[in-house]
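S.K.: Got a sequence here, can you model it:
(chains A, B, C and D)
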Protein chains: 2
Amino acid sequence: MQLHKRDVVAAATALLDSYGLADLTMRRLARELGVSPGALYWHFANKQELLGAVADQILATVPEAAGDWRARIEGVCAGLRDALLSHTDGAELVSASFAAGQSAVMRRILDRLTDAVTEAGFAPAHAELAARTVVYYVLGFTVDEQSRLQWDAAGAELPADQSVLDDDADARFRFGVDLLIDGIRVADPSVLR
Amino acid sequence: MQLHKRDVVAAATALLDSYGLADLTMRRLARELGVSPGALYWHFANKQELLGAVADQILATVPEAAGDWRARIEGVCAGLRDALLSHTDGAELVSASFAAGQSAVMRRILDRLTDAVTEAGFAPAHAELAARTVVYYVLGFTVDEQSRLQWDAAGAELPADQSVLDDDADARFRFGVDLLIDGIRVADPSVLR
DNA sequence: ACCTGAACACCGTTCAAGT
DNA sequence: ACCTGAACACCGTTCAAGT
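M.R.: Here you go, the predicted model:
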């Protein structure tokens, strides 16, 4: 039967979770779907575009955050990190797709953060910059965290107090988010609208 | 005559500047040096390690910053961004090498930032986190800036008021750095030592 | 409209064998 | 110690031709 975009994205996500980003190749994906490599290029212009669709699939679980601007920033950051950690190499994939401008959902998340910073009193242009700073932090932190997690998982047996390490990572993550929120809170009045 | 590590890194940097990261391949580099591809693996364990050496070469120009902790953070950030923008795809290459833990100089830069944040009053563990946040920002911002710059350069003719755009990018960059410095300045006393 | 088959132009890495 | 030659096991992308 016919190949649909969503089947391709689903198969790609499964491949990612099982074997990681390095093994998510167009040829291997085609093999998994039982089609020739060229078939994928009817549905996607190139690999970058396909990876962008996978990134958006991963980000689909990031919930809308409610509350005041601080709560919304914290909520979006936590939801974003959770989504990235839910898939093998998720942070690296989304980070690359965002940099390549291939993730529509990532742009929406940026917009939501920009709204929150605007509510904190920033003029629109500065609000987007502050929102970008938040996104760079979440992506940078989580790429780092995930590479260590996956390295540890591949290596020695996990220590029994795994949860302590998890809690620590959570706390470390929130520390950086709070640092950015503090910066936004006390920003020089000249940037406010 | 004999192939030395520094010749390989110099040729790799030249290839990067002329053709970009995508065309910096082990085979092409070997061809440029007049050796067989396998020869490179006598001097470097793998491509990642070689790219790390190129990253460190790029970062060699980042100057030591002096002054109080704020001036040092601003100086390191500005010097880092300048170094990255001086080579085609420099930001992307250094970002990837840093994430892969292959850049010794990047670790030293992180240490210098950690020292500065410690002087601002943070306990060591929190100081490193804040320093990482700064690094994530500089890398994220500059990867983004450079991809736009290179996209524009490849496309339409540059407008006459190019310098205005440059100044704008400088100001935008400093805005984010100041946001982080503000966050560090007013951080919750519980994280201070 | 959607896909196949086959080709094009490459990759990173390894390793016996040479000097 | 340092490098070659050749192989291994792949890549992303294109495109005439088929249905």
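
S.K.: Next one: stretch A:99-112, is it in contact with DNA strand D?
M.R.: No: for stretch A:99-112 and DNA strand D, the contact criterion (Cβ under 7 Å from any atom of the strand) is not met; the two come no nearer than 11.4 Å. From N, CA and C alone the C-beta is placed, and that goes for glycine too.

S.K.: Could you count how many residues lie near A:Pro124?
M.R.: Summarising burial for A:Pro124: neighbours were counted as other Cβ atoms under 10 Å in any protein chain shown, giving 12.

S.K.: Burial check on the residue nearest to it when sequence neighbours are not counted, number of neighbours?
M.R.: Excluding the flanking residues, the one nearest A:Pro124 by Cβ to Cβ, 6 or more residues apart in numbering or on different chains is A:Thr118, at 6.3 Å. Using other Cβ under 10 Å, the number of residues around A:Thr118 comes to 18.

S.K.: Name the helix or strand for A:Thr118, please.
M.R.: Secondary structure assignment for A:Thr118, by DSSP states H and E: helix A:104-119.

S.K.: Show me which residues of that helix are buried.
M.R.: Neighbour counts over helix A:104-119 (16 or more other Cβ atoms under 10 Å in any protein chain shown) mark A:105-106, A:109-110, A:112-114, A:116-118 as buried.

S.K.: Please save the CA atoms from it in PDB.
M.R.: Extracted in PDB, the C-alpha atoms of helix A:104-119 (Å, rounded to 0.1, in the frame of the first residue of the first chain):
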ATOM      1  CA  ALA A 104       8.100  24.300  13.100                       C
ATOM      2  CA  VAL A 105       7.200  23.300  16.600                       C
ATOM      3  CA  MET A 106      10.500  24.600  17.900                       C
ATOM      4  CA  ARG A 107       9.600  28.000  16.400                       C
ATOM      5  CA  ARG A 108       6.300  27.800  18.200                       C
ATOM      6  CA  ILE A 109       8.000  27.100  21.500                       C
ATOM      7  CA  LEU A 110      10.200  30.000  20.900                       C
ATOM      8  CA  ASP A 111       7.100  32.200  20.300                       C
ATOM      9  CA  ARG A 112       5.600  31.000  23.600                       C
ATOM     10  CA  LEU A 113       8.700  31.900  25.400                       C
ATOM     11  CA  THR A 114       8.800  35.300  23.700                       C
ATOM     12  CA  ASP A 115       5.300  35.900  24.900                       C
ATOM     13  CA  ALA A 116       6.200  35.100  28.400                       C
ATOM     14  CA  VAL A 117       9.300  37.400  28.300                       C
ATOM     15  CA  THR A 118       7.100  40.200  26.800                       C
ATOM     16  CA  GLU A 119       4.800  39.800  29.800                       C
END
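
S.K.: by how many degrees do the helix or strand just after that helix and helix B:124-154 diverge?
M.R.: Reading on from helix A:104-119 to the C-terminus, the next helix or strand found by DSSP H and E is helix A:124-154. For the pair helix A:124-154 and helix B:124-154, the angle between their directions (axes from the mean of the first three to the mean of the last three Cα atoms, to 10 degrees) equals 120 degrees.

S.K.: can you list the residues of chain A near DNA strand D?
M.R.: Counting by Cβ under 7 Å from any atom of the strand, the residues of chain A close to DNA strand D are A:23, A:25-28, A:37-38, A:41, A:46-48.

S.K.: and these, which are buried?
M.R.: Counted by 16+ other Cβ under 10 Å, those give A:Met26 as buried.

S.K.: still on that earlier bit, tell me the angle of the helix holding A:Thr118 relative to helix A:124-154?
M.R.: Taking the same axes, to 10 degrees, helix A:104-119 and helix A:124-154 form an angle of 130 degrees between their directions.

S.K.: Need the residues that contact helix A:104-119.
M.R.: Contacts made with helix A:104-119 from outside it, assessed by Cβ atoms under 8 Å, 6 or more residues apart in numbering or on different chains, are listed as A:52, A:55-56, A:59-60, A:62, A:64-65, A:68-70, A:72-73, A:76, A:80, A:94, A:97-98, A:124, A:126-128, A:130-132, A:134-135, A:184.

S.K.: Pull out the buried residues from these.
M.R.: Burial by neighbour count, 16+ other Cβ under 10 Å: within those this picks out A:52, A:55-56, A:59, A:62, A:65, A:69-70, A:72-73, A:76, A:80, A:94, A:97-98, A:126-128, A:130-132, A:134-135, A:184.

S.K.: Return only those of the residues you listed found close to chain B.
M.R.: Among these, the residues within reach of chain B (Cβ under 8 Å from any Cβ of the partner chain) are A:126, A:130, A:132, A:135, A:184.

S.K.: Report pLDDT for the last one.
M.R.: Per-residue confidence for A:Ile184 comes out at a pLDDT of 96.

S.K.: Compute the distance from the centre of the helix or strand containing it to the centre of its chain.
M.R.: Taking DSSP H and E as the definition, one finds A:Ile184 inside helix A:162-185. For helix A:162-185, the gap between its own C-alpha mean and the chain's C-alpha mean amounts to 17 Å (Cα atoms, centre = their mean, to the nearest Å).

S.K.: Run the chain-centre distance for stretch A:37-50.
M.R.: The chain centroid and the centroid of stretch A:37-50 are separated by 22 Å under Cα atoms, centre = their mean.

S.K.: What about contact with DNA strand C: does that stretch have any residue there?
M.R.: Yes: Stretch A:37-50 comes into contact with DNA strand C when judged by Cβ under 7 Å from any atom of the strand, the residues involved being A:37-39, A:42-43.

S.K.: Stretch A:15-27 now?
M.R.: No: counting by Cβ under 7 Å from any atom of the strand, DNA strand C is not contacted by stretch A:15-27; separation bottoms out at 8.3 Å.

S.K.: Tabulate the CA atom coordinates of that stretch in PDB.
M.R.: Taking only C-alpha atoms (Å, rounded to 0.1, in the frame of the first residue of the first chain), the coordinates of stretch A:15-27 have been written out as PDB:
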ATOM      1  CA  LEU A  15      14.900   3.600  14.300                       C
ATOM      2  CA  LEU A  16      16.100   6.600  16.300                       C
ATOM      3  CA  ASP A  17      15.000   5.000  19.600                       C
ATOM      4  CA  SER A  18      16.500   1.600  18.800                       C
ATOM      5  CA  TYR A  19      19.800   2.500  17.200                       C
ATOM      6  CA  GLY A  20      20.400   6.300  17.600                       C
ATOM      7  CA  LEU A  21      20.900   9.200  15.300                       C
ATOM      8  CA  ALA A  22      24.100   7.800  13.600                       C
ATOM      9  CA  ASP A  23      22.100   4.800  12.300                       C
ATOM     10  CA  LEU A  24      19.100   6.800  11.200                       C
ATOM     11  CA  THR A  25      20.000   6.900   7.500                       C
ATOM     12  CA  MET A  26      17.800   7.300   4.500                       C
ATOM     13  CA  ARG A  27      18.800   3.900   3.200                       C
END
